[in-house]
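Participant: Build me a model from this:
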Amino acid sequence: MGISESLGDYFDVQEHGSSVRTELLAGLTTFLTMSYIVVVNPSILAGIDGEKPGILITGYSYPQVVSMLAVVTIIAAAVATFIMAVYANRPFAQAPGLGLNAFFAFTVVGALGVPWQTALAAVVAEGILFIILTAIGAREYVIKLFPEPVKFAVGTGIGLFLAIIGLQAMGIVVDDPATMVTLGSIASDPVAIVSIVGLFLTLALYARGVPGSIIIGIVTTTVLGWLVTAFGPVAAEAGLVVGQTSVTYDITPLAGAFIAGLGNVEAFTFSLIVFTFFFVDFFDTAGTLVGVGQAGDFLDENGNLPDIDKPLMADAVGTTVGGMIGTSTVTTYIESATGVEEGGRTGLTALTVAALFVASLAVVPLATAIPQYASHIALVVIGVVMLRNVVDIDWNDLTNVIPAGLTILVMPFTYSIAYGIAAGIASYPVIKLAAGEREDVRIGHWVLAGLFVVYFVVRTGGVLAAQV
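Facilitator: Here you go, the predicted model:
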């Protein structure tokens, strides 16, 4: 029996109405559509002293930290997707999630002043909590605990949050002392000009359905920046080209760093960080699984994904492993739908993605050569696409509109996913009670709302020190 036949038998390919060739092509398609994360995740997580919050490692340059994070990103994605393949036998791919990595760097490490090692410990704790709840079958209880309008609003809020981060890195949105933010000097700033060209190219490719459109856009933008610097009128000081870079595959400064982060932990803040990581990861994964499952006709007559606990467990284990080796929360990617649309129906598609991630270790040096403005094009594209989640909210019901609207608005305006979720959850039972819809409110809603009110008081009242 050949390798093809063995793989087909192991994953029950024929029973799922597919073929080994179709599964391999589907895996390639999925990988191409999500491979941008190898470049984008490190650029978000890596910090720049005095300029950008994130992971800073003493004795290592920014490019070296970026290359470490690229290696960690690849390993986490490969491990999680491999588990999805062999344990869940589903064509879903996983990697560190956009939004969650921004929450890690900009909110937890930046706004809250939490050491990045402690942030990694929170990721590990969230993963373990996810594993436990999945193992004991508590998924339904957890889902019911969170207000529906908040769940539907989170994706749109994260989309706006990602978009503003990306637009700032591209020089399109800048600080303004009078209006907080304003339009940058896009007609005279070389970074903004090249960014806009790259953004519209990427959006056009994405709209056309070109596989790998985001990574093509990022690389093309980088090359364009290099060309106008090397052969055009733009000076090297304009910031279009990354300078000399050094690459390292040694991830020992990151792997296991979460252990040091467990010391000197402020319990209340730590628990709320874990809660936010868990909330976003859980519902992002559950929503993605159902959405991709619908595209593949995997859902039952009630609209549920059979044996959803298995892919949820793969996600939970992937998150735990990712946090242990040094990256933010791992989640299932909506880009998996592209592979499903190509005919992928089994774990062989996911196995192909995992193998391609391992092969991409060879291009780690590319991640250090991509300037921030080019890599952040992905944030704007994905952010725009995530806005479509807003259609799931019942805009005819004010008791849904208010908590959903607060969730969406507070995220980008406070630069925090956690604050957006907190605002939505805290407002939900109050609005429902005021509208006379007490039957929609559970004890758990009041408990969560009370916790977040306490958190806002502690966080903004000066009770909690900036460093924990």
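Participant: Any stretches of the chain with poor pLDDT?
Facilitator: Scanning the chain for pLDDT under 70 picks out 1, 140, 244, 302-303, 458-459, 462-468.
Participant: which residues of it fall in strands?
Facilitator: Counting by DSSP state E, one finds strands in the chain at the ranges 94-96, 173-176, 180-183, 330-332.
Participant: Show me how far the longest helix seen in the chain is from its chain's centre.
Facilitator: Ranked by residue count under DSSP state H, the longest helix found in the chain is helix 267-295. Helix 267-295 sits 10 Å away from the centroid of its parent chain (CA atoms, centre = their mean, to the nearest Å).
Participant: Stretch 35-55 now?
Facilitator: Worked out by CA atoms, centre = their mean, stretch 35-55 lies 13 Å from the chain centre.
Participant: end-to-end on that stretch?
Facilitator: Start-to-end span of stretch 35-55 (CA to CA, to the nearest Å) is 22 Å.
Participant: who touches Phe277 in this structure?
Facilitator: Applying CB atoms under 8 Å, 6 or more residues apart in numbering, one finds that Phe277 lies in contact with Leu100, Phe103, Ala122, Val123, Glu126, Thr329. C-beta: built from backbone N, CA, C; applies to glycine.
Participant: cutoff 10 Å now
Facilitator: Neighbouring residues of Phe277 by CB atoms under 10 Å, 6 or more residues apart in numbering: 100, 103-104, 108, 119, 122-127, 129-130, 319, 323, 328-329, 417-418.
Participant: If any of those are buried, give me the PyMOL selection for them.
Facilitator: Paste this into PyMOL to select the buried members of those, with burial taken from 16 or more other CB atoms under 10 Å:
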select buried, resi 100+103+104+108+119+122+123+124+125+126+127+129+130+319+323+328+329+417+418
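Participant: picking that back up, what comes up buried for the longest helix of the chain?
Facilitator: 268-270, 272-289, 291-293.
Participant: ok, back up a step: quick one: closest of the strands of the chain to Ala138.
Facilitator: Among the strands of the chain, strand 330-332 comes nearest to Ala138, with 18.9 Å by CB to CB.
Participant: what packs against that closest one?
Facilitator: helix 62-83, strand 94-96, helix 267-295, helix 309-325 (3 or more CB pairs under 10 Å, 6 or more residues apart in numbering; DSSP states H and E).
Participant: Neighbouring strands - and their directions - for that strand?
Facilitator: Strand 330-332 has the following sheet partners, assigned by DSSP bridges: strand 94-96 (antiparallel).
Participant: Distance from the strand it pairs with to the middle of the chain?
Facilitator: On CA atoms, centre = their mean, the centre of strand 94-96 falls 8 Å from that of its chain.
Participant: circling back: specify the stretch among the helices and strands packed on strand 330-332 that is closest to Thr229.
Facilitator: helix 62-83 (17.8 Å).
Participant: Go ahead and produce CSV holding the CA coordinates of that closest one.
Facilitator: What follows is helix 62-83, C-alpha atoms only, in CSV (Å, rounded to 0.1, in the frame of the first residue of the first chain):
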residue,chain,number,x,y,z
TYR,A,62,14.4,43.9,17.1
PRO,A,63,15.2,41.8,14.0
GLN,A,64,16.4,39.0,16.1
VAL,A,65,13.3,39.0,18.3
VAL,A,66,11.2,39.1,15.1
SER,A,67,12.9,36.1,13.7
MET,A,68,12.5,34.2,17.0
LEU,A,69,8.8,35.0,17.0
ALA,A,70,8.5,33.9,13.3
VAL,A,71,10.0,30.5,14.3
VAL,A,72,7.6,30.3,17.3
THR,A,73,4.6,31.3,15.1
ILE,A,74,5.4,28.5,12.7
ILE,A,75,5.9,25.9,15.4
ALA,A,76,2.7,26.8,17.2
ALA,A,77,0.7,26.8,13.9
ALA,A,78,2.2,23.5,12.8
VAL,A,79,1.6,21.8,16.2
ALA,A,80,-2.0,23.0,16.6
THR,A,81,-3.0,22.2,13.0
PHE,A,82,-1.3,18.8,13.2
ILE,A,83,-3.5,18.0,16.3
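Participant: Show me how far that helix is from its chain's centre.
Facilitator: Using CA atoms, centre = their mean, the offset of helix 62-83 from its chain centre is 14 Å.
Participant: Can you tell me the closest non-neighbouring residue to Val124?
Facilitator: Excluding the flanking residues, the one nearest Val124 by CB to CB, 6 or more residues apart in numbering is Gly323, at 3.8 Å.
Participant: measure that neighbour to Gly8 for me?
Facilitator: Gly323 sits 35 Å away from Gly8, going by CB to CB, to the nearest Å.
Participant: cool, and Val321?
Facilitator: Per CB to CB, Val321 is found 28 Å from Gly8.
Participant: rewinding a little: tell me which of the helices and strands packed on strand 330-332 sits nearest to Leu398.
Facilitator: Of all the helices and strands packed on strand 330-332, helix 267-295 sits nearest to Leu398, with 22.8 Å by CB to CB.
Participant: That closest one vs helix 309-325, what angle?
Facilitator: Using axes from the mean of the first three to the mean of the last three CA atoms, to 10 degrees, the direction of helix 267-295 lies 140 degrees away from that of helix 309-325.
Participant: burial count for the closest residue to Ala369 other than its chain neighbours?
Facilitator: Leaving aside its sequence neighbours, Ala369 sits nearest to Val242 (CB to CB, 6+ apart; 5.6 Å). By other CB atoms under 10 Å, the residues close to Val242 number 18.
Participant: Any figure for the gap between Val242 and Ala286?
Facilitator: Taken as CB to CB, the span from Val242 to Ala286 is 38 Å.
Participant: can you map out the helices along the stretch 1-150 of the chain?
Facilitator: Secondary structure of the stretch 1-150 of the chain (DSSP state H, counting those that start in this stretch): helices at 3-10, 20-34, 37-45, 62-83, 100-102, 116-135, 139-145, 148-169.
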